[in-house]
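Chemist: Pasting the sequence and the predicted model now:
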Amino acid sequence: MTTPAPHSAADSDALIPVTVITGFLGSGKTTTLNALVHDPAMARSLVIINEFGEVSLDHELVTTSNEDLKVEMMGGCLCCTIRGDLLATLRDAPWRFSREGRRWFDRVVIETTGLADPAPILHTLMSDPTLETLYRLDGVIATVDAANAMATLDSQVEAVKQAAVADRILLTKTDLVDGAARAAIEARLHALNPAAPILAVIQGQVDAALLLGGGAYDPGARHPDVLGWLNAEAYEPDHEQSHDHAHDHDHDHDHDHDHDHDHDHDHGHDVNRHGDAIRACCLTFDEPLDPVAFERWIDLLTMMKGEDILRIKGLLNIEGQPTPVVVHGVQHVFHPPVVLDAWPSEDRRTRLVFITRGLDAAALRETFALFTQGFAQFDAYGLEDAGFGADEADQDAPGSLIAGGSLRTGL
Ligand SMILES: Nc1nc2c(ncn2[C@@H]2O[C@H](COP(=O)(O)OP(=O)(O)OP(=O)(O)O)[C@@H](O)[C@H]2O)c(=O)[nH]1
């Protein structure tokens with residue numbers, strides 16, 4: 001496994017941003033996309049629409065100002081059967097959609113099918129060596145139907161994942177619900193994904209500027225808002241670091257499928273532990289991290305629990321490195337780490353946001369402690385003890401050490 005040096009901010013300047021629009025069946029993706037593509041900010045967008053079935057309709061409904069910049073991908077779902085087609089389409093696009101050496105598009109927007117699991121799609125975008133040199137993930141937008149979301153989130157794990165990994169959530173059809181219903185769904189979505197702003201949208205009407213450039217950290221941006229991207233404050237504090245925290249958020253309060261519950265956070269309700277088994281937490285570390293220990297930890301974590309790690313975002317303070325390093329991962333795969341020119345604020349702590357299925361902050365921290373205390377202690381027993389049983393190891397994991405980049409090289 002080669003581990004090229006991390007990207008610098010300048011390297012990423014030329015990469016084409018990719019926005020993924022996901023959302024459950026009928027939640028308003030096509031309606032939103034159709035409105036978005038007429039926004040001048042989207043004028044030079046290549047729009048890729050994925051639909052199930054041989055007869056597709058969505059692409060007929062989306063009319064862009066440049067119909068030559070529309071690709072329909074039918075006959076399967078991007079997250080499974082036609083993932084390879086997406087790869088090929090994206091690899092070829094800069095040449096296929098260009099004339100006399102000039103590319104026609106500056107951005108890609110992908111509308112997934114309603115049943116798509118977004119994680120494998122993000123994984124594809126981030127792990128292919130060719131795509132990595134052409135594109136960067138700009139953000140994930142999830143449409144959530146205000147009228148149906150409670151029932152959908154109860155029964156459809158894909159819908160939960162879509163909302164959990166999103167950088168922006170568009171709450172559609174708010175014209176169909178009253179204030180109380182809207183507040184309840186907003187609370188549930190906030191619990192599932194504390195960092196994502198929730199924007200109410202009726203008939204797809206939303207300012208494209210609110211959706212573009214705000215998701216995955218853009219190292220090429222003139223004023224990269226890394227703190228906004230990480231939004232670490234939106235997560236519950238890391239309990240091991242917060243002994244003075246007034247009340248316990250980490251109790252075993254299982255509210256699976258209980259929608260009558262009160263989302264009042266003052267009642268010890270763990271807003272980041274959701275009945276849908278998706279959890280969000282932010283680990284903070286006061287001391288600089290040993291890059292070798294950190295990398296091995298992440299490597300093992302993603303190998304063994306990659307399927308359960310929907311997203312990781314981090315701003316790292318690495319030993320011997322004067323400025324912070326940004327990391328961004330989906331399942332088994334990490335974007336090459338990016339070294340920033342300066343710390344964005346006085347806060348020099350490492351902050352690592354995890355969105356996982358079933359892993360909590362304590363278990364994550366415990367495994368990290370095993371690495372920092374010395375690898376000799378890290379045996380199968382210790383691993384199991386911390387909630388990472390070897391029997392659950394993902395045999396298909398690529399076994400990469402932060403694929404595409406290493407904290408140990410170049411830092
Ligand atoms: N009342 C109301 N209806 C909406 C709104 N947004 C979308 N719709 C309607 O909801 C239905 C589904 O919208 P689509 O945009 O096709 O949803 P989709 O997510 O693309 O659906 P799939 O392609 O089946 O996954 C359509 O009839 C839309 O007109 C809204 O804000 N309010």
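Modeler: In hand now; what should we look at?
Chemist: how about the residues of the chain near the ligand?
Modeler: Residues of the chain lying close to the ligand (Cβ under 6 Å from any ligand atom) are 23, 25-31, 58, 114, 143, 172-173, 175-176, 202-204. From N, CA and C alone the C-beta is placed, and that goes for glycine too.
Chemist: What ranges does the stretch 51-200 of the chain have for its helices?
Modeler: 58-61, 83-96, 118-127, 129-134, 149-155, 157-165, 179-192 (DSSP state H, counting those that start in this stretch).
Chemist: In a markdown table: those, plus mean neighbour count and mean pLDDT.
Modeler: Formatted as a markdown table, the helices of the stretch 51-200 of the chain follow (neighbours: other Cβ atoms under 10 Å; pLDDT from 0 to 100):
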| stretch | mean neighbour count | mean pLDDT |
| --- | --- | --- |
| helix 58-61 | 16 | 52 |
| helix 83-96 | 16 | 85 |
| helix 118-127 | 23 | 78 |
| helix 129-134 | 14 | 88 |
| helix 149-155 | 18 | 87 |
| helix 157-165 | 24 | 87 |
| helix 179-192 | 18 | 94 |
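Chemist: Ok, which of those comes nearest Leu210?
Modeler: The minimum distance between Leu210 and the helices of the stretch 51-200 of the chain falls on helix 179-192, with 16.5 Å, by Cβ to Cβ.
Chemist: Can you name every helix or strand that the closest one contacts?
Modeler: helix 149-155, helix 157-165, strand 168-172, strand 198-201 (3 or more Cβ pairs under 8 Å, 6 or more residues apart in numbering; DSSP states H and E).
Chemist: I would like the residues contacting the longest one, please.
Modeler: Under the criterion Cβ atoms under 8 Å, 6 or more residues apart in numbering, residues 22-24, 115-119, 122, 140, 142, 144, 149, 152-153, 169, 189, 192-193, 196, 274, 276, 278, 280, 310-311, 330, 355 lie in contact with helix 157-165.
Chemist: before we move on, what about the shortest one?
Modeler: With Cβ under 8 Å, 6+ apart as the test, strand 198-201 has contacts from 28, 32, 143, 146, 168-172, 174, 182, 186, 189-190, 206, 210.
Chemist: Try it again at 10 Å.
Modeler: 28, 31-32, 35, 141-144, 146, 163, 166, 168-175, 182, 185-187, 189-190, 206-207, 210-211 (Cβ atoms under 10 Å, 6 or more residues apart in numbering).
Chemist: ok, that strand: who's next to it in the sheet?
Modeler: strand 168-172 (parallel) (DSSP bridges).
Chemist: Just the CA trace of the strand it pairs with, in CSV.
Modeler: C-alpha atoms of strand 168-172 as CSV (Å, rounded to 0.1, in the frame of the first residue of the first chain):
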residue,chain,number,x,y,z
ARG,A,168,-27.3,19.8,4.8
ILE,A,169,-30.8,18.5,5.4
LEU,A,170,-33.6,19.8,3.3
LEU,A,171,-36.9,19.4,5.1
THR,A,172,-39.4,19.3,2.3
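Chemist: which residue sits closest to the residue in the stretch 101-250 of the chain positioned nearest to the ligand, ignoring its sequence neighbours?
Modeler: Closest contact between the stretch 101-250 of the chain and the ligand, by Cβ to the nearest ligand atom, is at Gly114 (3.1 Å). Nearest in space to Gly114, with sequence neighbours left out and distances taken as Cβ to Cβ, 6 or more residues apart in numbering, is Leu25 at 3.2 Å.
Chemist: my guess is the one you found meets Ser155, correct?
Modeler: No: contact criterion Cβ atoms under 10 Å: Leu25 and Ser155 do not qualify, at 11.9 Å.
Chemist: Extract the residue ranges of the stretch 201-350 of the chain that are flagged as low pLDDT.
Modeler: 214-278, 330-335 (pLDDT under 70).
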